[in-house]
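>>> Sequence first, predicted model second:
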Amino acid sequence: MLDFRENPAVPLTITQLTRRLKTTLENNFSAVTATGEISQFTVAPSGHWYFSLKDAGAKIDAVMWQTAAGRTPRPQIGEVVEVGGKISVYEPRGNYQLQVNWLRPTGAGDARAKRLALLEKLRAEGWLAPERKKKLPPFARVFGLVTSPAGAAVRDMIKIIRKRFPPARMLLSPCLVQGAGAPAAIVAALKKIDGRCEVILLGRGGGAAEDLAAFDDEGVARAVAACRTPVISSVGHEIDTSVCDLVADVRAATPSEAAEIATREHPQMSAVLAGFFTAARRAAAALLAARRERLAALNATVARQQPAARLRRQQQQCDELSAVLRRALSALLARRRERHKLLDARLAALNPNAVLRRGFSITRDAAGKILRSAQEATTGEKLQITLADGEIRARVERAEFRVESLEFRV
């Protein structure tokens, strides 16, 4: 049995005990791989995933920070997955949890199997052969952009093309880049732009596997291969390679790199730029050496302070406080609704019309004054009697009033 105290006779504070348990668990379980069923899955406003993994005999809480979750397809509750990460302890509650760095469904999956089958089919037909790839023009002036008009990819490509070749003319053929309608939209956009430019840049930013699925579609792949204009495909980031990337004439790691490949430096600027590059390279080398030393010192400082871990703990606390606030607001709203119902009932009870509906009436003299006593009535006087459903005009024949046991007549 482990004894975490140097002197067992001296009691530890709860904070001290928790921190020693945290150190022991995190040092001994810094690299864990596990398989379990997803349950109680929640996406916090911060983008972090909070869920549980369970099997027939046990259950463990897990967290996946937004940086890792953002590049991972969201799992479904009840799905069996394999995860990798480490054990961490959340000190404010003294709970241990599995901090997940990567997550994937067990098995190959239908999407991957279909993609591999399509690649084999296209390879057998010769669409992936290097000899069928078209060469890029040495000095293109008109560029066709096939991508989403609202994404970051189109902004990156336009920015780089304008910077590297200001006289360039760019034609945008907009399309969806993810979702059920994306394959048909991409095919239509390619057909619309083909022949109207000198090189086509087909691309989008990175994303989860399902976000990039449109670029693994057979129809899209064949449309890329059938283009008369050379096509540069830049789907996702460096770690993503789509079927379109393999069928296209040139594959770029990112949309920005596609724009760089498509443009060429103006021939008359080459000699001038060469001199600038030489001087800049020397200055950059000296500056880089100084910055490396500074960066090494800063990295050592950051490593000691662990700001990322502290920020994540504070984000988790914020997520919990947000949940508490939502529950408190819901309870307050319920109490206010009950109070509103009570006041409505009281107001209804004091409504004069409700009294009249129970058989009472209001009597006024000719001047409109409400009569509260028989003594205020005069024989022959005209009266107005208000009932729940209307009014009665009457004349006093005789007024009678009583005081205790005496009766008076007028």
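Everything's here; your move.

>>> Give me the phi and psi for residue 340.
phi -60, psi -40 (degrees, to the nearest 10).

>>> before we move on, what about residue 326?
The phi and psi torsions at residue 326 (degrees, to the nearest 10) take the values phi -60, psi -40.

>>> And for the one 10 residues further on?
Backbone dihedrals for residue 336, given as degrees, to the nearest 10, come out at phi -70, psi -40.

>>> What ranges does the stretch 301-410 of the chain have for its strands?
362-364, 382-387, 390-395, 400-403, 406-409 (DSSP state E, counting those that start in this stretch).

>>> Can you list the low-confidence ranges for this structure?
1-9, 78, 107-113, 207-210, 237-240, 265-276, 354-356, 401-410 (pLDDT under 70).

>>> all helices for it, in order.
Taking DSSP state H as the test, the helices found in the chain are 14-28, 66-69, 110-124, 152-164, 182-193, 218-226, 243-247, 255-262, 270-305, 307-349, 352-357.

>>> nearest to residue 57, of the ones you listed?
The minimum distance between residue 57 and the helices of the chain falls on helix 14-28, with 19.8 Å, by CB to CB. To be clear about C-beta, it is placed using only N, CA and C from the backbone, and glycine gets the same treatment.

>>> Buried residues of the closest one, list them for me.
By 16 or more other CB atoms under 10 Å, the buried positions in helix 14-28 come out as 18, 21, 22.

>>> looking at it, the first one is touching residue 95, isn't it?
Just to be clear, that refers to residue 18. No. If you go by CB atoms under 8 Å, residue 18 and residue 95 don't touch, sitting 9.9 Å apart.

>>> Mutual contacts of those two, please.
residue 89 (CB atoms under 8 Å, 6 or more residues apart in numbering).

>>> what residues are up against the nearest residue to residue 214 once chain neighbours are set aside?
Distance criterion CB to CB, 6 or more residues apart in numbering; nearest residue to residue 214, sequence neighbours excluded, is residue 182 at 3.6 Å. Residue 182 is in contact with 175, 176, 214, counting by CB under 8 Å, 6+ apart.

>>> what about the closest residue to residue 168 other than its chain neighbours, how many neighbours?
Once flanking residues are discounted, residue 168 sits nearest to residue 161: 5.0 Å by CB to CB, 6+ apart. Per other CB atoms under 10 Å, the neighbour tally for residue 161 reads 22.

>>> can I get the buried residues of helix 14-28 in a markdown table with distance to residue 353?
Converted to a markdown table, the buried residues of helix 14-28 look like this (distance: CB to CB, whole Å):
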| residue | distance to residue 353 |
| --- | --- |
| 18 | 67 |
| 21 | 70 |
| 22 | 70 |
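
>>> now, which of these sits nearest residue 384?
Nearest member of the buried residues of helix 14-28 to residue 384, counting by CB to CB, is residue 18, at 81.9 Å.

>>> Pull the contacting residues for that closest one.
Residue 18 touches 89, 91, 94, counting by CB under 8 Å, 6+ apart.

>>> Tell me how many other residues crowd residue 350.
8.

>>> List the backbone torsions phi and psi for it.
The phi/psi pair for residue 350 (degrees, to the nearest 10) is phi -90, psi 0.

>>> That one and residue 343, how far apart?
11 Å (CB to CB, to the nearest Å).

>>> got it, and residue 388?
24 Å.

>>> who's more crowded, these two?
Taking other CB under 10 Å, residue 388 and residue 343 do not tie; residue 388 has more neighbours (14 against 10).
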